[in-house]
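**Q** dropping the sequence and predicted coords here.
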Amino acid sequence: MFVQKSPGDEISAFVGDILRGEPDFRQRFITVLARMTPDEWKLLERKVLELADEIKKADPDGSAQQESSDM
């Protein structure tokens, strides 16, 4: 049976896994995110929302997302 984890538990498990392992892309990526300023986080959020909007425009009925979830 699958136990639903809270977002905090998921993040803790992910970060713990990264810290126990060898330095890799995930560790470098989290390090860069940790150094971001509040303004950089706002910019990142705007860009992610912009990307989501572009994806919706390119695939308004969501068929590409449906195909990828079927894999």
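**A** Right, received. Where do you want to start? Numbering: from 1, shown residues only.

**Q** can you tell me the closest non-neighbouring residue to residue 58?
**A** Setting aside the residues directly before and after it, residue 58 is nearest to residue 64 in space (C-beta to C-beta, 6 or more residues apart in numbering), at 7.9 Å. In short, each C-beta sits where N, CA and C put it, glycine included.

**Q** pLDDT at the one you found, what is it?
**A** The confidence metric pLDDT takes the value 71 at residue 64.

**Q** what helix or strand is it located in?
**A** Residue 64 is part of helix 63-69, with elements assigned from DSSP states H and E.

**Q** again with residue 61
**A** When the helices and strands are read off by DSSP H and E, none of them contains residue 61.

**Q** so that it lines up with my notes, have the first residue be 527 from now on.
**A** With the count now opening at 527, the last piece we talked about shows up as residue 587.

**Q** give me the residue at the spatial middle of the chain.
**A** Geometric centre of the chain, nearest residue: residue 574, 10.0 Å, by C-alpha atoms, centre = their mean.

**Q** quick revisit: ok, the residue nearest to residue 584 - how many residues close by?
**A** For residue 590, the tally of surrounding residues (other C-beta atoms under 10 Å) stands at 11.

**Q** cool, residue 544 as well?
**A** For residue 544, using other C-beta under 10 Å, the count is 17.

**Q** for it, give me its contacts.
**A** Contact criterion C-beta atoms under 8 Å, 6 or more residues apart in numbering gives 550, 552, 553, 556 as the residues in contact with residue 544.

**Q** tabulate these in JSON lines, adding columns for neighbour count, secondary structure and pLDDT.
**A** Supplementary listing: the contacts of residue 544 in JSON lines, determined by neighbours: other C-beta atoms under 10 Å; DSSP: H, G, I helix; E, B strand; the rest coil; pLDDT from 0 to 100:
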{"residue": "550", "neighbour count": "9", "secondary structure": "coil", "pLDDT": "94"}
{"residue": "552", "neighbour count": "13", "secondary structure": "helix", "pLDDT": "94"}
{"residue": "553", "neighbour count": "14", "secondary structure": "helix", "pLDDT": "94"}
{"residue": "556", "neighbour count": "14", "secondary structure": "helix", "pLDDT": "94"}
